[in-house]
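Peer 1: dropping a prediction and its sequence here:
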Amino acid sequence: MKVHFIAIGGSAMHNLAIALCQKGITVTGSDDEIFDPAKSRLEKYGLLPEEFGWHPERITKDLDAVVLGMHARIDNPELLRAQELGLKIYSYPEYLYEQSKDKLRIVVGGSHGKTTTTAMILHVLAHCGIEADYMVGAQLKGFEVMVRLSHTAKVMVIEGDEYLTSPIDRRPKFHLYKPNVAIITGIEWDHINVFPTFDIYRDQFAQFINLIEPKGTLIYCDEDAEVHRVAVENQRTDIQKLPYVCPEHRVENGITYIGNTALQVFGHHNLLNLTAARLACRQVGVTDEQFDEAISTFEGASKRLELVKKSDTCAVYKDFAHAPSKLRATIHAMREQYPDRKLVACMELHTFSSLTQEFLQQYAHSMDEADVRYVYFSQHALQLKKLPPLDPEEVRKAFGGNVEIFTDSKKLVDCVITLFRDNDNKNLLMMSSGNFDGIDFAALADEII
């Protein structure tokens, strides 16, 4: 079997290409630019294109499938050639479904918590010796790649992103997976360039529920009013609905416990994710005792409240948080875990939605629990996304409270270093779906600890 990837260098695409290569499928690909880590990983598996660019002459009738990445445009010359030849063209999620349609599919959807919940499920299944294929949106400890496809696994765990499928398919990705077990962790307006109103955005999750396979299961966060609404308004009687809330827990000496199980993760939102993962694992035969034993060794997903470095008086964490509710949840988690320390919270406006004037108002008071609040954004990011300039004063007003705005990441770093020179009990929390335009978090942690 021969599969060609158009835009093979994407984060998801190159992982799928590697997974198919490992499965024994002949893989080729192209892209106009590829950066690390994708570049070195593709090179390791002999999948790196000999030269960058689009080469329609490489699209031939003997290809069994073409997988189209979001990075490609609708006028991509390779795509046009594939269409001309009448080849089967799949989007990334379409091909994942094609590879998993005979397996039990657990699909984790929601505006936040998807990666962590998916990672928890995979960690527990691996600990219990249950073979599973998967697709997850971050590199996980103990897992070489972000996608696994095999001939033997009977279960597939998929992180269900609500963003668009491909340049020629405007459906949300998670609408294509047809779950047997569906999870909705939370609903908070995002991707306003695709879903211009909250009602349109919320409706994507209502449709997701309708796409659950007959006799399937919906696991949903009952603490989230919008999730509760779409779940209870759904009239399906052929699926099982399992609501969940945060479990009883306690914090002792900086460690969170559920019953007698000591956890390596913390925070209300992580405990919600853990409960969703528990319910999902029950669906494939994992007992609560097995789950507790396994989850006690789970250290978290990459960049999800990830510890960078700590001392007796200071800890530095980085987190993927960028949506308003996630800022609140992550800051609150730090507060709950370290009640006696001051908290310095830095947040980068990086996504299209967060850099949009009308969406900024959603961030009002989202950082109020932090003692020191810094917000960073880059005018260059605005230019790349073809958005108008933002006035720092308007950003400050949108957040409310005592928030300081930075547009130069070096000045932000200098300010943070100065703030930590007094060696007082303080923690630093860096939140972004980017990297604050190149801040080296490990070097910063070394400097202040």
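Peer 2: Sure, I can see it.
Peer 1: tell me the buried residues in stretch 69-79?
Peer 2: Judged by neighbour count (16 or more other C-beta atoms under 10 Å), stretch 69-79 contains these buried residues: 69-72, 76-79. Every C-beta, even on glycine, is put in place using the N, C-alpha and C of the backbone.
Peer 1: how does the protein divide into domains?
Peer 2: Domain segmentation of the chain under automatic domain parsing yields 2-87, 95-295, 306-448.
Peer 1: show me the shaky parts of the stretch 51-200 of the chain.
Peer 2: Residue ranges of the stretch 51-200 of the chain with pLDDT under 70: 139.
Peer 1: okay, strands next: where are they in it?
Peer 2: For the stretch 51-200 of the chain, the strands defined by DSSP state E, counting those that start in this stretch occupy 65-68, 89-91, 104-109, 132-135, 147-148, 155-159, 164-166, 169-172, 181-184.
Peer 1: would a markdown table of those with mean neighbour count and distance to residue 370 be doable?
Peer 2: Below are those laid out as a markdown table (neighbours: other C-beta atoms under 10 Å; distance: least, C-beta to C-beta, whole Å):
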| stretch | mean neighbour count | distance to residue 370 |
| --- | --- | --- |
| strand 65-68 | 24 | 42 |
| strand 89-91 | 21 | 40 |
| strand 104-109 | 27 | 28 |
| strand 132-135 | 25 | 34 |
| strand 147-148 | 22 | 36 |
| strand 155-159 | 26 | 29 |
| strand 164-166 | 21 | 34 |
| strand 169-172 | 17 | 33 |
| strand 181-184 | 28 | 28 |
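Peer 1: turn those into a markdown table, including distance to residue 207.
Peer 2: Output for the strands of the stretch 51-200 of the chain, formatted as a markdown table (distance: least, C-beta to C-beta, whole Å):
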| stretch | distance to residue 207 |
| --- | --- |
| strand 65-68 | 22 |
| strand 89-91 | 17 |
| strand 104-109 | 11 |
| strand 132-135 | 20 |
| strand 147-148 | 25 |
| strand 155-159 | 17 |
| strand 164-166 | 13 |
| strand 169-172 | 8 |
| strand 181-184 | 11 |
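Peer 1: on that earlier part again, and the furthest pair within the buried residues of stretch 69-79?
Peer 2: Farthest-apart pair in the buried residues of stretch 69-79 is 70 and 77; separation 17.1 Å (C-beta to C-beta).
Peer 1: which residues in the stretch 51-200 of the chain form helices?
Peer 2: 77-85, 92-100, 114-127, 198-210 (DSSP state H, counting those that start in this stretch).
Peer 1: need the winner for burial among those helices.
Peer 2: Scoring the helices of the stretch 51-200 of the chain by mean neighbour count under mean count of other C-beta atoms under 10 Å gives helix 114-127 as the most buried, with a mean of 26.
Peer 1: so which of the helices of the stretch 51-200 of the chain comes closest to residue 41?
Peer 2: Between the helices of the stretch 51-200 of the chain, helix 92-100 lies closest to residue 41; by C-beta to C-beta that is 16.7 Å.
Peer 1: where exactly do the strands run in the stretch 251-400 of the chain?
Peer 2: Under DSSP E, counting those that start in this stretch, the stretch 251-400 of the chain gives strands at 255-258, 261-262, 306-310, 314-319, 342-348, 372-376.
Peer 1: out of those, which comes closest to residue 131?
Peer 2: Among those, strand 261-262 sits nearest to residue 131 (C-beta to C-beta), with 24.7 Å.
Peer 1: same question for the closest one, mean pLDDT?
Peer 2: Across strand 261-262, the average pLDDT comes to 97.
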